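> below: sequence and its predicted model.
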Amino acid sequence: MIKKIVITSLVFFSSALSEPINFNNIEPSVFGEFHQVKEPEPLPQDSKNIVEEVKVFFDNEYNKLQNKIKELAFSFLGQQYKFGASKESAKTDCSLYTQNVFSQIGIKLPRSSIEQSSVGVMVPKNELQVGDLLFFRTYRKTVSHVGIYIGDNKMIHASFKNKEVEIETLDKKYYKERFLFAKRVIEPSS
């Protein structure tokens, strides 16, 4: 009841003042009274520069990580494909390939493409970045293939059809029709 009277009084007095009271900046005190909250002071210019420097640092580190993923992914080009290949094999399948690439930068991915599709965060196709995982339905209605986005609307993957790790365009009708979603397992600075 007292709060209602105080708020009503504030509204009445506010209309009499030249500047209306901003109720988003009013908080009750411990005694149930209301008081105006000061706006936070803007950051000094030096602090803004430090924040910007930190952002640039993290962006550079993220770019280095993306380049490392691309470099590692390319190092497997031409490796022979075998469905269900084991770690001990000289051959690979799509999910063992992505697992091997990411393990070399310290990111542990599950073994199968469907399990890998459950990690990371969803990424819209128009926001893909180097290192994002791409998931497709190939021989079943759910996830059955995975590749790594390398930029310029291309991926690198262990291809069942061509029986090796290769680079493929995402514009190819086969992949356009079978694309499900993308996941990011490395995070850029925010």
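That came through, no problem.

> tell me the mean pLDDT over the helix ranked longest in the chain?
Counting residues, the longest helix found in the chain (DSSP state H) is helix 45-75. Helix 45-75 carries an average pLDDT of 84.

> packing partners for that helix?
Helix 45-75 is packed against helix 94-103, strand 145-151, with contacts defined by 3 or more CB pairs under 8 Å, 6 or more residues apart in numbering; DSSP states H and E. For the C-beta atoms, the positions are set from N, CA and C on the backbone; glycine is no exception.

> retrieve the pLDDT associated with S86.
92.

> ok, L17 next?
On pLDDT, L17 comes in at 46.

> let me see the domain layout of this structure.
Under automatic domain parsing, the residue ranges defining each domain of the chain are 2-36, 45-184.

> would you list these in CSV and tack on mean neighbour count?
As requested, the domains of the chain are arranged in CSV below (neighbours: other CB atoms under 10 Å):
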stretch, mean neighbour count
domain 2-36, 10
domain 45-184, 16
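
> can you give me the helices for this structure?
Counting by DSSP H, the helices of the chain are 2-16, 45-75, 94-103, 113-116, 173-178.

> dump the ones you listed into JSON lines; add distance to I167 as well.
Below are those laid out as JSON lines (distance: least, CB to CB, whole Å):
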{"stretch": "helix 2-16", "distance to I167": "65"}
{"stretch": "helix 45-75", "distance to I167": "8"}
{"stretch": "helix 94-103", "distance to I167": "13"}
{"stretch": "helix 113-116", "distance to I167": "18"}
{"stretch": "helix 173-178", "distance to I167": "12"}
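
> of the ones you listed, which is nearest Y149?
For Y149, the closest of the helices of the chain is helix 45-75, at 9.6 Å, according to CB to CB.

> now do the closest one and strand 145-151, the angle between them.
Interaxial angle of helix 45-75 relative to strand 145-151 (axes from the mean of the first three to the mean of the last three CA atoms, to 10 degrees): 130 degrees.

> return the distance of helix 45-75 from the chain's centre.
Centroid separation between helix 45-75 and its chain, computed with CA atoms, centre = their mean, to the nearest Å, is 14 Å.

> also stretch 66-80?
So, by CA atoms, centre = their mean, the centroid of stretch 66-80 is 21 Å from its chain's centroid.

> one step back: which one, of the helices of the chain, ends up nearest to N126?
With CB to CB as the criterion, N126 lies closest to helix 173-178 of those, at 13.8 Å.

> chain center to that closest one: distance?
With CA atoms, centre = their mean, you get 23 Å for helix 173-178.

> same question for stretch 135-152.
The answer for stretch 135-152 is 17 Å, by CA atoms, centre = their mean.

> how long is it from one end to the other?
Across its full length, stretch 135-152 reaches 17 Å between end residues, using CA to CA, to the nearest Å.

> which residues touch that stretch?
By CB atoms under 8 Å, 6 or more residues apart in numbering, the residues outside stretch 135-152 that reach it are 69-70, 73, 94-95, 98, 101, 113-114, 116-117, 128-134, 155-157, 160, 167-168, 175, 178-183.

> good, wrapping up.
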